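> Let's see this in three dimensions:
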Amino acid sequence: EGLPYIEAAVRLAPGGLIFHWGLGHQLALLGRYEESARHAAWLAEHAPHFPYTPTLQGLLAAAAGRAAEARATLATIDESPLDGHHIFHLAESYAMAGAAEKAVALLDRAVTLGFYGVSDFCERISPFFGGIRGRDDFARAMARARGRAAEFTAAVG
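Numbering: from 1, shown residues only. The predicted model follows:
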C-alpha cells in the first residue's frame with residue numbers, strides 16, 4: 001500500500017539517494033527484484049560509497065542465489081559509523097546471503113543502537129529473515145527487541 005508514496009518521492013526528488021534505496025528495498029520486499037535492481041544500479045552509478053548501495057546490491061545478489069557474491073559485497077561496508085537503522089538493513093542482507101550468525105549479531109547490535117521496534121516485521125512479515133527465524137539466537141534477539149520496545153513505551157507513557 002505504501003509503494004505509490006515512495007515512488008512519488010523518487011519522482012519529486014529524483015536525486016534523493018534514500019528514496020532510490022527505499023524504493024529498491026520495498027520492491028525487493030515484494031519480490032520484484034528486476035525493478036529493485038534498477039534502483040541498485042542507479043545508486044551504484046550516483047552513490048557508490050553510500051552504505052545503502054552495497055546493502056541493496058548484496059540483498060539482490062543473495063535473492064538471485066549468489067550468496068558468496070552477496071557476502072563479498074556486504075563485507076566492503078565499513079560498519080563502524082552506521083546507525084541502528086542501517087545496521088538493521090545490513091542484517092537483512094546478511095540473512096538473505098545465508099550468513100545467519102552475522103545477521104543475528106547485526107540485529108542484536110541494531111537493538112543496542114536503539115532500533116528495536118521491528119520484532120513483528122522480522123518474525124512474521126519480512127521474507128529476508130525467513131532462513132533464520134527458527135534459530136535460538138534470532139529468538140533471543142527478537143525477545144530483546146520486544147523488551148526494549150516495552151521499556152520505551154513504559155518510559156514515554
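
> ok, so what distance separates the residue nearest to the spatial centre of the chain from A155?
When the chain is reduced to its mean C-alpha position, the closest residue under Cα atoms, centre = their mean turns out to be H89, at 2.0 Å. In this structure, H89 and A155 are separated by 26 Å, where distance is defined by Cβ to Cβ, to the nearest Å. For glycine as for every other residue, the C-beta is placed from the backbone atoms N, C-alpha and C.

> Okay, now the unreliable bits of the chain?
Segments of the chain classed as low confidence (criterion: pLDDT under 70) are not present in this model.

> residue boundaries of the helices in it?
Secondary structure of the chain (DSSP state H): helices at 3-12, 17-29, 33-46, 52-63, 67-74, 84-96, 100-112, 119-120, 136-156.

> Of the ones you listed, give the one that comes closest to F128.
With respect to F128, and counting by Cβ to Cβ, the nearest of the helices of the chain is helix 84-96 at 4.1 Å.

> Any buried residues in that closest one, and which?
Counting neighbours by 16 or more other Cβ atoms under 10 Å, one finds that the buried residues in helix 84-96 are G84, H86, I87, F88, H89, L90, A91, E92, S93, Y94, A95, M96.

> ok, back up a step: excluding sequence neighbours, find me the nearest residue to the residue nearest to the centre of the chain.
T55 (5.5 Å; Cβ to Cβ, 6 or more residues apart in numbering).

> okay, now R32: neighbour count?
Under the neighbour criterion other Cβ atoms under 10 Å, R32 is assigned a count of 13.

> which phi and psi does it have?
Reported as degrees, to the nearest 10, the phi and psi values for R32 are phi -100, psi 70.

> and what of L113?
The main-chain torsion angles of L113 are listed as degrees, to the nearest 10 and equal phi -80, psi 0.

> I am finished for the moment; much appreciated.
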